[in-house]
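**Q** pasting the structure only:
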């Protein structure tokens with residue numbers, strides 16, 4: 001069940017970034033924190049590259065094994081598949097909102113609202129996965145399924161750890177986000193530098 005451990009860790013990382021952005025937006029709105037526009041942009045890039053492009057394909061592989069073993073949870077799997085397919089539009093809306101905010105700081109409220117919509121979606125999305133689908137995965141996958149999906153996850157992770165310039169080093173990127181985020185969430189605040 002190595003794959004479940006990986007999915008769980010990735011959900012925790014994604015939830016941490018979402019929480020950090022929400023906290024920073026509230027602090028900026030209250031006038032207690034100066035906005036770090038580059039940090040906001042970096043966090044949105046992380047959500048795109050990690051959640052939408054790397055995490056969801058792994059889940060799709062895992063969920064496919066469930067659909068092969070059982071019809072239980074079909075409605076939830078169909079809903080998750082639709083949500084995964086809609087990821088490009090969802091992240092594009094958030095990216096557009098942060099870009100507009102960077103171009104015009106008077107558009108802070110629009111970015112904050114776009115982020116809240118994204119975060120609310122993501123919370124319910126992960127809740128559906130964790131409360132409905134992953135328990136079914138635990139129940140229905142066979143030992144052979146687990147061996148295969150764990151091997152697929154290891155292969156995907158190895159491919160992303162080979163230093164390929166087209167693949168982001170997500171652990172280092174996440175650590176940099178933490179270093180720049182304000183306390184109590186991170187070690188900063190310090191300006192984000194690309």
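**A** On my side now, so go ahead. Please read all numbers here as calculations on a predicted model, not as lab measurements.
**Q** list the contacts for the residue nearest the centre of the chain?
**A** Residue closest to the average C-alpha location in the chain (Cα atoms, centre = their mean): residue 51, at 3.2 Å. Contacts for residue 51 (Cβ atoms under 8 Å, 6 or more residues apart in numbering) come out as 14, 87, 91, 122. C-betas here are computed from N, CA, C, even on glycine.
**Q** out of those, which are inside helices?
**A** Applying DSSP state H to these, the entries found in helices are 14, 87, 91, 122.
**Q** Return a ChimeraX selection command for the buried portion of these.
**A** Only the buried entries of those go into this ChimeraX selection, using 16 or more other Cβ atoms under 10 Å:
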select :14,87,91,122
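**Q** circling back: list just the nearest of the contacts of residue 51 to residue 57.
**A** residue 87 (10.1 Å; Cβ to Cβ).
**Q** how near is the closest one to residue 115?
**A** 16 Å (Cβ to Cβ, to the nearest Å).
**Q** for this structure, which spans come out with low pLDDT?
**A** Low-confidence segments of the chain (pLDDT under 70): 1, 160-194.
**Q** Strands of that one, residue ranges please.
**A** With DSSP state E, there are no strands along the chain.
**Q** Helices of that one, start to end?
**A** 2-29, 37-46, 56-69, 74-85, 87-103, 108-128, 134-140, 143-160, 170-180.
**Q** out of the ones you listed, deepest packed?
**A** Most buried of these by mean neighbour count (mean count of other Cβ atoms under 10 Å) is helix 37-46; its value is a mean of 20.
**Q** what's the offset of that helix from the middle of its chain?
**A** With Cα atoms, centre = their mean, to the nearest Å as the basis, the distance from the averaged C-alpha position of helix 37-46 to the chain average is 13 Å.
**Q** got the angle for it vs helix 108-128?
**A** Per axes from the mean of the first three to the mean of the last three Cα atoms, to 10 degrees, the angle that helix 37-46 makes with helix 108-128 is 30 degrees.
**Q** any idea of the angle helix 37-46 forms with helix 87-103?
**A** 180 degrees.
**Q** which secondary structure elements does helix 37-46 contact?
**A** helix 2-29, helix 87-103, helix 170-180 (3 or more Cβ pairs under 8 Å, 6 or more residues apart in numbering; DSSP states H and E).
**Q** Out of the contacts of residue 51, which comes closest to residue 154?
**A** Of the contacts of residue 51, the one sitting nearest to residue 154 (Cβ to Cβ) turns out to be residue 14, at 20.6 Å.
**Q** wait, that closest one sits on residue 119?
**A** No. Using Cβ atoms under 8 Å, residue 14 is not in contact with residue 119, being 10.2 Å away.
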